[in-house]
Each structure stands twice: as structure tokens, then as C-alpha cells.
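Engineer: Curious how this folds, go ahead:
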Amino acid sequence: MKQQKLTICVFAQILIALLGIVYSNLASAQQILGLVNVDGNLLPGASVRLMNQNLSTFTDLTGSFRLQNRQLGKQRIVISYVGFNDKVIDLDIQSGDNNLGVIALIPKGNELNNVIVKGTLALSQIKAYSIKKNSLAIMEVISADAIGKLPDRNAAEAVQRVQGIAVARYHGEADQATVRGTPFSWTSTLFNGSRLPSAGAYGTRASVLDVVPSELIQFVQVAKAITPDMEGDAIGGSINFITRTSPIKRQLNVSLAGGYNNFSKDGTYNASLVYGDRFFNNKFGVIVAAAIWQRQWGTDSYDVVYNTGLATDVQRKSITSVQFKRYMGKRETIGTNVGLDYKFNNGNKIYFRGMLNKFNDVRPVYESIVDFANSRYQYNYRFSEYQTTLNGLEIGGEHQLSSQWKLNWAASNYESRFFIETPNTTPGNQRGLPISTFRQRITGGFNGLSSDGRKYWNFDSPDGVGDDPMNIKVNLKNPAETMDPTKLTLQQLVIAQLDNKEKDRVANLDLKYSVNLKLNLKFGVKYRNKDKEGINFASLVWVPNAALGVPNAPALVPLSQLNRTSFPVRGGFFKELGGNQDMFMIDPITKEQLFQLYDTGFQRINGLRNVSPAGNATTMYDGKEEVLSGYAMGEYDLSDKLKLVGGFRLENTTMVLNSMELLTSLVNGVAATTKKPVTARNQYNTFLPMLHLKYKITEKMNLRAAYTKTFVRPDFTALIPSSTTNLTTTPNSITKGNPNLKPTYSQNFDLMGEYYFQNIGLISGGLFYKKLKDVIFTDRYFANINGTNTLISEPRNIDNAFLYGFEAGINKRLDFLKGFWSGFGVEFNYTYIKSEANVPRLVGTATVYDKVSLPNQSKSLYNAILFYEKSGLMVRLAGNYRGASVETINTILGPDYYVWTGNNFTLDASATVTLNKKLRFFVELNNLANEPLRTYMGDVRRPVMTEWYSQRGQAGIRWDIIK
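Structural biologist: Numbers count the residues shown, from 1 in each chain. Down below sits the predicted model:
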């Protein structure tokens, strides 16, 4: 606490001193300001040059600029923008502010004018490249226009086309994003410059983005090498989603679309509305954006479980069970964004932003399982509604205190939550994901087993007897012994409790001082107060007394005696697998019947007892994290071509977490459990120096180099100060969190070159290297505790790791061709990534080190897009590839048992036809090749999970009612 108070005092003294300087340096100078646009579209990144004095600046994200001027009298301003004619303005500079108002640019030439005015892609590319070209950080940019040109319906899918970005897919839709293949929690996800609270199912720091509709986003900035004024917990980089702001004139547009999901054989719909205007002599601005996307969806998931607990390597690869899972549900994404701003004068503005987002995922799941190890069938039915919310508000201000001083401030309150509130027949504290389990004995056994009596794939079998993974055969000795609802009896009820909530209250202040025409200084402080609470997979369990062998217990309840409904066959069942799996299509119980199984009356009549594990208490936690950060940086023009950006960021983190500790011991031969509250505290300072060099080789070419130091904080679930001790196993075991985990640090080196084509395009490439320290992994080791050899599992830091790679991309319009062919263009980007960490593994009593890549890191990423844009027609065919990546590291058995996500290539398409100045028709198609998502263990042939989603698409109109 003393360290934090000292840090606060230092920041406060710096701020007071800076404010004193502000008010002692309010000497006035002339300033030229204005707003650059085309047909109401604001133009960020436009070059503004004062010719007589060789001074220049660029428009910001709102299209505004402010240029210092030391001379009165006649001056000439030149405004330049890619694809537009230069705008030359002669003016007579007066003292104080010289406001040029709204400045309209005109596109160059007939051909370029055609694609900018009638097209749907060109202007968005110009905006993005202009922001990228003039940025201080190494970054990629996409605009709202470009997001709308591809069938990407949420924030994660909106960034998947960006060079170096990888996304995770959840039942067919992207929900997380990461920069340069690092673990998802290593990428900082920001909204308007502040990191989002995260509340996914697993309680990590990775932000879940399927809750945010893409229609609410104005720009996305992907920073691969950050500057000191950005959040420092960003080893991979940061993805900053900038929400819509009020326009310069009234606008009203709507989008309506209907579609079809080829798997569920059901319809979808999507609608959005954007309204913006200015009032009171343009001082007060309003923007309202709202979107809804509702779709029926479905997935077939083919899962395999292996006998990894057996004694030999051969038998560990034998098959425990195969599972045929059908998901058939309904998803709804709803989002609203409101923005208000009030301009007191040319130099002072306040604003308000508010957002409400909700993602509902209604998910009935039908699971048919063949359990080869126990010679039985198992049928699970679950129905639940996964709910994710992201809500919040922000107020702030931008104040030009003088010609040299600018002050920005903001305060925000955002909350994210993931929760499940089913079934409605249980008390509120006993709700979650309800799962009913039915089992049926297979008395006749199986044919097709290996000589050791186990089920194998043909390439793993010790004697070659086995199946092809994509043509599994149950091989019943008695073919009539199929799954039978009269023989499937209720064996277990479970409620898996998942609930994570995170609330961030943030305040920040930034101060910029223009020392002279070559040097700008910037300082800032930010305070974040985070509340976190969660339940990390607690399991409430009920089992029939008859299944436990209790005398005189009520008979087990067969599936056939319960209220049931028809199985959702739709277009077929596991058509992609060889053979016929129709025997596993069992009519499920109804949702109402499932909920009724948890009613105390049903459980009393049918003799179910609560056997929930005492360890549930250790999965519940709550805590608080406070972060006080400050930065200082400078921008210095060493010459007309070379710019230096350098500085540092200091972040002080204080964390308190509360949970329960569990001890299980033998008392008179009977296991007894005790629990007690436990609290952990941690505090650390992080110093992050950063240096960027930007060399303008020509007006079209930049070379950038950067050194940055960044970090990531440990996940809350890894820090939980609870432990579960089990003295009834051999060996004894302790599973615990580790509140003493250190953050993971990275020293980052980047080199990037960019060349901008004259006719809207870009070629870029670069190298990157990350030197990592204190990477976190789950360690398993033996320790002597009170004379007993005990197996301990806990997250720990390893010393060193590294990641390096290169990236390259091109976006080129083929307008050197003639006539029709001049409308074609190509976009391609590729990223290669290599990482390595030495992870300890226990072999007997000795420790060996396995060289592994970082989790979630793919070696290759690429996007390939072919587009056509001419005469009001835009068509895009887009391929997205993510290479294999390790997801689970087995620190007991080693690399042969790691679980990987396989190569994935998805192909999407979209088309837009401009019917007139206000009306456009569009078509969007996803997953044209029906690409499955695959995971495997060790060998790519050995499946763990294979999911198929089929195709989906929609068509609709975009109507600019007022433009």
C-alpha cells in the first residue's frame, strides 16, 4: 500500500506541475481549423499544409484539423487526400482562431470518381490507409464502410480479415480475436481507447466479442506496436473499436435483411438503424445506432475421448467413447450505441457515449454416446440459454486550452457478464446449465476390437484392427442391441454453474503540449477500479438411489416414460461421416420435462439424492483490482522525413481475491471435508519504455521501426487463492491457484515498410520479434509434505520464451486494365509466426523440458480476397486461413497428447448493387465450402472434435433515407 501511495503522489505532483505550466503559458497564437469531407463523409488522415511556412498536420478521426500558425496576413493552405484533387485555399490570417468551416474535396478523374461516389469499397479503403499512413504506432485500420462490405456480423468477425489477426470460432461464429497468433488474453481489446471488461465462460482476460454487433463500429485500429498513451497490457497488440460519433449533417439510414441457414433449415433476419444530426447552430450532435441479428443455427459435433489414463502409450490412444452431438438453437445479438456531444466553441467540447449489448444463445443439445470402455450407451439432453451482456457509459471532454496546450479527460463505467439462469424449477443460487444423463447396458459387447480388447483407429491399433476415424463402426455383436428409450434410464442430473461478472470504473486525463513546430509532449494518468466475481465450473449433482445400490429405492426412470418431442432431423444426421448414424437420433425429452426433473417433488418421488462435490466452494471467487497508470511521451521531427516517438508508461496494480480452501482427509477410514475462507493480495509496478522511428522515404513510402515493452496480467481464475487437498488418492494430490503469479513480460522489436499506390492501394511487409519472460502454464510436480509424496497442480511462471515472424500484404486495383476488367482488384496478406517455450514435465521423479509453441499460436495466417467494383457493382470473394495451433498442453504425458486445433479455411462472399444514390441491395454468404472445425490429439489423423455448420446467407437492402 505504501508503494501505491508513493506512485499516486508522484503522478499527482507531475500533474499539478503540468497544470501550472498550462496556465502560465496561455499566450495566444493564430490557429487554422476546419473539417474535411466529401458528400457528408468525414475524411480522417487528410494532409493539411501551410505552404508559406512549410507547416503541416493531418485530420483526426472526425475529419477535423487544427494547425498552428506564427504569421499574420496572406497564407495558402493545401489539403490533400488519396484519390482526391488537392484543395487550395488562400486566406488572410487574423489573430486567434481562423475557422475554415466544412471543406469539401472532389474525387480525381472520371474513373476514380466513379468508384468513390458510386462504389461501396473505395472510400472506406482510402480512409483506412490514410489513418494508417499518418499514425504514430504500427497499426492496421478498417472503417465502418469496409466492415459492411463483408458478411461479418459481430466485432470479432469484423477484424478477421486484418493482416496478422486470428479469430476463434464458437459453433460457427467468431467470438475472440488475437494479434499475431498470441494467446487470446494477450491481446488488449479496447472500446474508444479503454480496455473492455471481460466475462467469458472461462473467466479469462480475453474479451468475448460476439456480443457487439458490427453495425455499432465506426473504425477499428489494430496496433501491433503500441505507444505509451495506449494500455500497456498488450503483448500481442491492441484492437481498438471506435464507436460511431455524430455526423456533420443529418443522416438516417436503415438496413433490413432476411436469410437462411442451410443446417437448421430455418430463416434469419438482421436489421439496423443509424440516425445522426446536429442542432443549435451545429453545437449539439447526436448519433444513435441500433442493430439486431436473430438466427436459427445448428451444428453436428463428432467427439472422441481417449483412454489417456492407462499405463502404456499404445493403450492411451485407445478409444473410450465416441459422441454424436447435435446442437440446434437460436441466437440473438442486440446492440445499441448512443453518442452526444456539445461544442462550446472551436476549442472546447464535451461528449457522452452509452452502449447496451446483449447476446442470447439458446442451445438445446442432443448427445448420443457409445461408451466402449464401459460397454454401454449414454444419452444426454441439455437445454440452456447462455447470456452475455456488455453495457456502459462514458463522459469526457476535449479542451484546447491555448494554441499549445490541449487537455482531454474521460470517465467511464462498463460492466460485462456471462450467466445462465436455467432451470426455473430450482432456486436462483442453483441455476446453470442443466444436463440429464440416461444410460443403457450393451450386454452383447463389440466386434472389431483389437487383441487387447480395446477400440482403436486403424493407425493406432497394435494389430491393425480398427476403424477409419471418418467412418466409425460400432460393430455390435448383437445388431439388434441399439439405443432404446425403454432401456435408457435416468442415471444422473447435473447443473454446471458458470457465472462471471466484471465491472470497470475508469477515469483518465491526457495533456498535450506543442513545444514548437517540431516537438510535441504528451502526458496522462488513468485509474481503473475493477470488481470481479465468478463461479468457475461448479457442479451440482443428483443421482438416483437405485443407481447407488440403495435397498428398496424407487426404480430407475426410463426415457420412454417422460414427456418427449421429435428429434430435429432437418437436412440429415452426420451426413459428412461415413456410414449411417441414424440409430443415434433419439427423440429427446421436452425442455419443460428437463426442468421438471430438477423439481424437488420429482426428485423425492424417484429417489434422487444430492451428491454435489464439496469442492464446489473452491470454484467461487470475488475480488478487486486497482490499476493506476501514467505515461509521458514525446513526438519529435528529427528532420522533414524522420520522426521519433518515445516515452514510457508506468502501471501500478493492486489485487485482492477471496475464495475458499478445501481439505479432504480420512477420519476413522471415512473421507471428511473441511473448508475455510482464504484471501490473497498482490501488488506490483510495471515500467514500460517505448521507442518508435518513422522515416518517410517518399510521400508514398514509410519505413517504421519500434521497440516496446508490454505485459499481460495473469487470469483471475489462475490467481484464485483456493486449493483442494485430497488425501484419499494415491498419491495424495493438491490442486490450487497461485496468487503469487507474476505478469508475463515481453520486449518487442518491429520493423515495417509501407508503400501506398496512387490509385487506392497498399503493399506492406515487416518483421517482428518478442522476447518473453514469465509465461504462465499449469505445472504438475511432486513435493514432500509432512513426509508424504504429494502431486501438486498449479499455474506457474516459466523463465523465457520467444516469438518471431514476418508479415506481408498487398491491396491492388487492376485499373491498368481496360474496360470491364479495370474493376477487378486483389487483396492478399500473409503472416508467418514461430514461437517456442520450454515447459517442464514430470517423468517419474525426473523433470524433462518439452519445446512447445504458445497456446492458440498458428504458424501461418492469411487472407485472400478477389473483388470487383465498377459502375455501382461491388462483389467480393474472401478466403480466411488459420493454421493449426496447440490448445491444450499435457504436462504429464507430453507432446503426443497435446490437443490441437487443425487448419481452417473459410470462404465467404458478398455483393452490393447501388440502385440509386440512396438505395443499395446486398447479398452475403458464409462458409461456402462447409469447412469444419477440427481438433485432434497429437496426430492430425486422431480426432478429438469435428464440427460441421453448413452454409448460411442473407440478402437485403441498405436505404440512406437522409444522406
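Engineer: Which residues does stretch 521-531 contact?
Structural biologist: Contacts of stretch 521-531 with the rest of the structure, by C-beta atoms under 8 Å, 6 or more residues apart in numbering, involve 11, 14-15, 18, 194-195, 197, 229, 501-513, 515, 622-635, 647. All C-beta atoms are positioned from the backbone trio N, CA, C, and that covers glycine.
Engineer: Show the buried residues in those residues.
Structural biologist: 11, 15, 18, 194-195, 197, 229, 501-513, 623, 625, 627-635, 647 (16 or more other C-beta atoms under 10 Å).
Engineer: The residues you listed in strands, which ones?
Structural biologist: Those of the buried ones among the contacts of stretch 521-531 mapping onto strands are 194-195, 501-513, 623, 625, 627-635, 647, per DSSP state E.
Engineer: residues contacting the most centrally placed residue in the chain?
Structural biologist: To find the centre residue of the chain, average its C-alpha atoms and take the closest one (C-alpha atoms, centre = their mean): that gives Gln176, at 2.3 Å. For Gln176, the contacting residues are 156, 167-168, 184, 200, 206-209, by C-beta under 8 Å, 6+ apart.
Engineer: what about stretch 574-594, distance to the chain center?
Structural biologist: Per C-alpha atoms, centre = their mean, to the nearest Å, the displacement of stretch 574-594 from the mean C-alpha position of its chain is 32 Å.
Engineer: Next, the buried residues of it.
Structural biologist: Buried positions in stretch 574-594, judged by neighbour count with 16+ other C-beta under 10 Å: 574, 577, 581, 583-586, 588-591, 593-594.
Engineer: Kindly report the same for stretch 157-175.
Structural biologist: Applying 16+ other C-beta under 10 Å to stretch 157-175 flags 157-175 as buried.
Engineer: In three-state terms, label Gly615 for me.
Structural biologist: helix (DSSP: H, G, I helix; E, B strand; the rest coil).
Engineer: What is the end-to-end distance of stretch 85-105?
Structural biologist: 7 Å (C-alpha to C-alpha, to the nearest Å).
Engineer: buried stuff in it?
Structural biologist: Going by 16+ other C-beta under 10 Å, stretch 85-105 has these buried residues: 87, 93, 97-98, 100, 103, 105.
Engineer: same question for that stretch, mean pLDDT?
Structural biologist: Computed over stretch 85-105, the mean pLDDT rounds to 88.
Engineer: And for stretch 905-925?
Structural biologist: According to the model, stretch 905-925 has a mean pLDDT of 92.
Engineer: Contacts for it next, please.
Structural biologist: Counting by C-beta under 8 Å, 6+ apart, the neighbours of stretch 905-925 from elsewhere in the structure are 118-120, 149-151, 257, 259, 872-881, 926-929, 931, 951-961, 963.
Engineer: so how far is it from its chain's centroid?
Structural biologist: When distances are taken as C-alpha atoms, centre = their mean, stretch 905-925 is centred 26 Å away from the chain's centroid.
Engineer: could I have it exported to CSV, CA atoms only?
Structural biologist: Presented in CSV, the C-alpha positions along stretch 905-925 are these (Å, rounded to 0.1, in the frame of the first residue of the first chain):
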residue,chain,number,x,y,z
PHE,A,905,-10.0,-22.2,-44.3
THR,A,906,-13.4,-20.5,-44.7
LEU,A,907,-14.7,-19.0,-47.9
ASP,A,908,-17.3,-16.1,-47.8
ALA,A,909,-18.8,-13.9,-50.5
SER,A,910,-20.7,-10.7,-50.7
ALA,A,911,-22.2,-8.4,-53.4
THR,A,912,-23.7,-4.9,-53.4
VAL,A,913,-25.6,-3.2,-56.2
THR,A,914,-26.1,0.5,-56.0
LEU,A,915,-29.6,1.1,-57.3
ASN,A,916,-29.5,4.9,-56.8
LYS,A,917,-27.9,7.4,-54.5
LYS,A,918,-29.9,6.2,-51.6
LEU,A,919,-30.7,2.6,-52.1
ARG,A,920,-28.4,-0.4,-52.3
PHE,A,921,-29.1,-4.2,-52.5
PHE,A,922,-26.8,-6.7,-50.9
VAL,A,923,-26.2,-10.4,-50.6
GLU,A,924,-23.9,-12.1,-48.1
LEU,A,925,-22.9,-15.8,-48.0
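Engineer: Show me which positions of it end up buried.
Structural biologist: Judged by neighbour count (16+ other C-beta under 10 Å), stretch 905-925 contains these buried residues: 906-914, 920, 922-925.
Engineer: Could you do stretch 743-752 as well?
Structural biologist: Of the residues in stretch 743-752, those buried by neighbour count under the rule 16+ other C-beta under 10 Å are 743-746, 748, 750-752.
Engineer: And those, which is closest to Leu433?
Structural biologist: The shortest approach to Leu433 among the buried residues of stretch 743-752 belongs to Thr744, at 31.3 Å (C-beta to C-beta).
Engineer: list the contacts for the closest one?
Structural biologist: Residues counted as contacts of Thr744 (C-beta under 8 Å, 6+ apart) are 186, 235, 711-712, 714, 772-776, 797.
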